[in-house]
Structures are given as C-alpha cells and as structure tokens.
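*Asks:* any chance you can model this:
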Amino acid sequence: MSTVTFAAIKSKVEELCTLPSTCPELKAVCREWLAAVGTDRQQEMNTKLLKEVGEDINTLDDVIPFFESAAGKKIFGEETAAQLAKKAHDLKAEGKKYCFCPSCTICLFILENKEVLLLCRNRQFSISLGGIMFVNRPLTTRAVVFIGLLGALSFLLMSFEFPLPFAPAYMKFEISDMPALFGGFFLGPIAGALAAFVKILLKLVIIGTNSALVGEVMNLFCSIAYVVPSTIFYHLHHSKKGALYALVSGSLIASIFAVVTNYYFAIPMYVKLYGIPLETILKMGRAVNPFVDSLIDYLLFTVLPFNLIKYGIVSFLTYLVYKKASVALTEIVNRLDR
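*Replies:* Reported below is the predicted structural model:
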C-alpha cells in the first residue's frame, strides 16, 4: 500500500523542474509553487499547480500519432520511435490513458493524489506523525459553518433508524456517521469529531434525551471512535486501497470500543440511574437473541455484531459514493478560505 505525503508531492514537483520533458510553462508554475510553500500563497498556488498539471499532461492518444509521424522518427530515430509507439499501443490496450514519459508520469502522480494538496493548505495547520502529514483545515468561519452543516445532516439521518432482528428495540441502526466521516476525510479528524459533536448537540436541543444522556454520550464516543481513526488512517494511506483499509480499521475499532464502553460505562450507568436489574437488560436481549445467557453473551452476540453491521454498512456506502461525492465536496472545500 502506497503512502503519499505532502513531502512526496513536493519532491515530485522539484523533479519536474529538472526534467527535459517538462514544458517551460509547467516548469515556471512548479518553481512558483515551490516558492509559495508555507506562505499565504500556498492555497492559491495549489490550485494553479493542479490546473497546469491537468492541462500539460499528455494522453496516449496524444503521443501515439507523434511517435508514428515523420517528426517523431526524426527526433527519436526510426527504431526508437517504433519502440515508443509499440509501448504506447500496449499500454493503451491495457487500459492505460496517459503518456509514460517521466514528466507525464509525475503529473499523473500529482493528479491522483491531488487531495493531499487540497488538504495541505497551510503548513502551520498541519499535524505530522512520523513525518507523514494529515491536516486539519484552520477553523475559519466558513469552515465552522461547513462542519455545522455536516453535523446537521448527521442529525437528520438519525431520524431514519430501525432495530435489527437480533438486537433489542432500543438499539437503533442508522447511518448518521457518514457526513461526519466525509468531513473528516476532507477537513481532518478534528473536523469529523466536531461534526459528530454537532449531531449530538442538535439532538439534545431539539429532541432531548430519554436515556439520562447515557445514549447520547455513547453515540458521540462511538462516532468519534469510528470517524477519527478512519480519517487518520486515510490521510496516512491516501489511496483507494488506503480508504478501504481505513474504513475497515475504523469499523473494527469502533465496534470493539462499543463493547468495552457498554461493559464499563453504558450498562452500569443504566443499572444505576434507572434501577434496572442487569437480568432485565439480559432478558430484553434474550427475547430476540437466543444466544444471550450472560452479560458476556450480550456483548459478544448482540453489541459486537450490531456495531460491526452498522459501521460495516456505513463504510460500504461511503466507499461506494466517496469518489463521486468528493467532486462536489472538493469544490466546497476550495471555497472555504476564499
């Protein structure tokens, strides 16, 4: 699995400046971008660099006619031009789209990892872990508004809830963590956690609590246990495969976290605050799940599979729609600091 860092992007841009195959216009923008790193112009230059890279990268359809032309044979020699044309045809047959020259290869690398630039707006807001940067955007007024909107959407999704057949009716399945997860993917783990907090705050203000805050606290903590690890892992392994591993890891962490917090916090608090005997809770679980005979059974055969299914489905839906939704969200993110 590849790990793409801001430093890796910077190194590739530096290399572009030295390659003979890089056009003068792109070299000029690369040098301008390098000079802007860490300054107030970095956001502007990130956009400019991505635009120039997108315009200058050649496709195989662009270069094949040139390799086969008289001009191409004159520059490369007939034998080399024929070899280059054959390689281009072979790559195209494999489903590849872009030119394989060193400059275009780097341009493709930058475009495939453009979110590293879109996220790494300003070095002073970067968090570094082992030299790998995963970033929280500065909490400007517009960024806070955007996080609030994600939290509001999460709150609305809480309304679409239903029980699962093997779990008691008070355990409701819903997908309200999706907007918070998207916020974390785009703005960083703190933003994702804040969106989850806004969700719970709106729930308390508008609907109130019927669980003496225990349910809301559990919902918030489990959301954070899911969103934050998923987001951090995604920014450490910024690729499609990395996103998959991030979602799987976050689902496992949150599910195990739910088991532990139910054992040490939620169930003891319900017993204490409501005076409900533990056996009554187990009976509710046993009524829909014959495997429940003890507290450990309840945790392993009800709480754990419930959360694995919940976060597994949220992760699956996120993985399906993330790339398409990222186009719209990236445009929103680009406007946050304007």
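
*Asks:* what about the helices in the stretch 151-300 of the chain?
*Replies:* Applying DSSP state H, counting those that start in this stretch to the stretch 151-300 of the chain gives helices spanning 177-187, 189-206, 214-236, 240-261, 267-274, 278-288, 295-298.

*Asks:* does anything pack onto the shortest one? Which helices or strands?
*Replies:* Contacting helix 295-298 under the criterion 3 or more Cβ pairs under 8 Å, 6 or more residues apart in numbering; DSSP states H and E are the following elements: helix 278-288. All C-beta spots, glycine's among them, are computed from the backbone N, C-alpha and C.

*Asks:* between the helix it packs on and helix 267-274, how many degrees?
*Replies:* With axes from the mean of the first three to the mean of the last three Cα atoms, to 10 degrees defining the directions, helix 278-288 sits at 120 degrees from helix 267-274.

*Asks:* name the residues that touch helix 278-288?
*Replies:* Contacting residues not belonging to helix 278-288 are listed as 165-170, 267, 270-271, 292-295, 298, 302 [Cβ atoms under 8 Å, 6 or more residues apart in numbering].

*Asks:* farthest pair in those residues?
*Replies:* When Cβ to Cβ is used, the two most widely separated members of the contacts of helix 278-288 are 165 and 271, lying 25.4 Å apart.

*Asks:* low-scoring stretches of the stretch 151-300 of the chain, by residue?
*Replies:* Across the stretch 151-300 of the chain, the stretches falling below the confidence threshold (pLDDT under 70) are 238.

*Asks:* the closest residue to residue 258 other than its chain neighbours: neighbour count?
*Replies:* Spatial nearest neighbour of residue 258, chain neighbours left out: residue 307 (4.4 Å); criterion: Cβ to Cβ, 6 or more residues apart in numbering. When counting by other Cβ atoms under 10 Å, one arrives at 25 neighbours for residue 307.

*Asks:* where's residue 307, which helix or strand?
*Replies:* Per DSSP states H and E, residue 307 falls inside helix 304-335.

*Asks:* next up, the contacts around the residue nearest to residue 276 when sequence neighbours are not counted.
*Replies:* Leaving aside its sequence neighbours, residue 276 sits nearest to residue 270 (Cβ to Cβ, 6+ apart; 5.8 Å). Residue 270 makes contacts with 211, 214, 276, 281, as judged by Cβ under 8 Å, 6+ apart.

*Asks:* pretty sure the second one contacts residue 269?
*Replies:* This points to residue 214. Yes: Residue 214 lies in contact with residue 269 (Cβ atoms under 8 Å); the separation is 4.8 Å.
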